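Colleague: structure of the sequence below:
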Amino acid sequence: RGATAAAGPPPAADGAAADFRLPATLAFVSRALSQMQGVGEALDPAFEFVGAVAPHVPEAKGGAKYAEDRLRRAFGLAAR
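Modeller: Numbering: from 1, shown residues only. Sure thing, here's the model as predicted:
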């Protein structure tokens with residue numbers, strides 16, 4: 001048998017894959033959000049994390065779009 005290849009992904013031809021770095025803060029926030037989603041769903045299967053958080057962060061969706069979606073849900077209207 002010949003020598004085995006080094007562990008890890010194969011190098012990219014242009015080296016671009018080796019330059020990617022995920023900021024630690026982004027990874028931490030992503031993990032925290034996914035854990036909150038999981039806990040919410042474990043306590044209440046109908047729980048919608050984004051729906052619970054959206055009123056506190058209207059710029060994430062846009063204030064007008066958020067208000068329109070809330071009104072459509074409240075009155076049972078179909079989304080566009």
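Colleague: going forward, measure contacts between C-alpha atoms and count neighbours the same way
Modeller: OK.
Colleague: could you say which helix or strand contains Arg31?
Modeller: Arg31 is part of helix 24-43 when elements are defined by DSSP states H and E.
Colleague: so where's the protein shaky on pLDDT?
Modeller: Along the chain, segments meeting pLDDT under 70 span 1-18, 58-63, 79-80.
Colleague: count of residues packed around Phe49?
Modeller: Burial measure for Phe49: 16 neighbouring residues, criterion other CA atoms under 10 Å.
Colleague: show the contacting residues for it.
Modeller: Each residue near Phe49 by CA atoms under 8 Å, 6 or more residues apart in numbering is listed here: Met36, Gln37, Gly40.
Colleague: at 6 Å instead, please
Modeller: Each residue near Phe49 by CA atoms under 6 Å, 6 or more residues apart in numbering is listed here: Gln37.
Colleague: distance of it from Thr25?
Modeller: Applying CA to CA, to the nearest Å, the value for Phe49 to Thr25 is 20 Å.
Colleague: thinking again about what came up before, buried ones in the helix holding Arg31, by neighbour count?
Modeller: The neighbour-count check on helix 24-43 (16 or more other CA atoms under 10 Å) flags Gly40 as buried.
Colleague: all helices of the protein, in order?
Modeller: For the chain, the helices defined by DSSP state H occupy 16-19, 24-43, 49-53, 63-74.
Colleague: got the CA coordinates for the longest one in CSV?
Modeller: Think helix 24-43. Taking Å, rounded to 0.1, in the frame of the first residue of the first chain, the C-alpha atoms of helix 24-43 are listed here in CSV:
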residue,chain,number,x,y,z
ALA,A,24,-16.6,33.4,16.4
THR,A,25,-19.3,35.9,17.3
LEU,A,26,-21.5,34.8,14.3
ALA,A,27,-21.0,31.1,15.2
PHE,A,28,-22.0,31.8,18.8
VAL,A,29,-25.1,33.8,17.9
SER,A,30,-26.1,31.1,15.4
ARG,A,31,-25.8,28.4,18.0
ALA,A,32,-27.7,30.3,20.6
LEU,A,33,-30.6,31.0,18.2
SER,A,34,-30.8,27.4,17.2
GLN,A,35,-30.9,26.3,20.8
MET,A,36,-33.6,28.8,21.7
GLN,A,37,-35.6,27.5,18.7
GLY,A,38,-35.2,23.9,19.9
VAL,A,39,-36.2,24.7,23.5
GLY,A,40,-39.3,26.6,22.3
GLU,A,41,-40.3,23.7,20.1
ALA,A,42,-39.7,21.2,22.8
LEU,A,43,-42.0,23.1,25.2
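Colleague: all set now, cheers.
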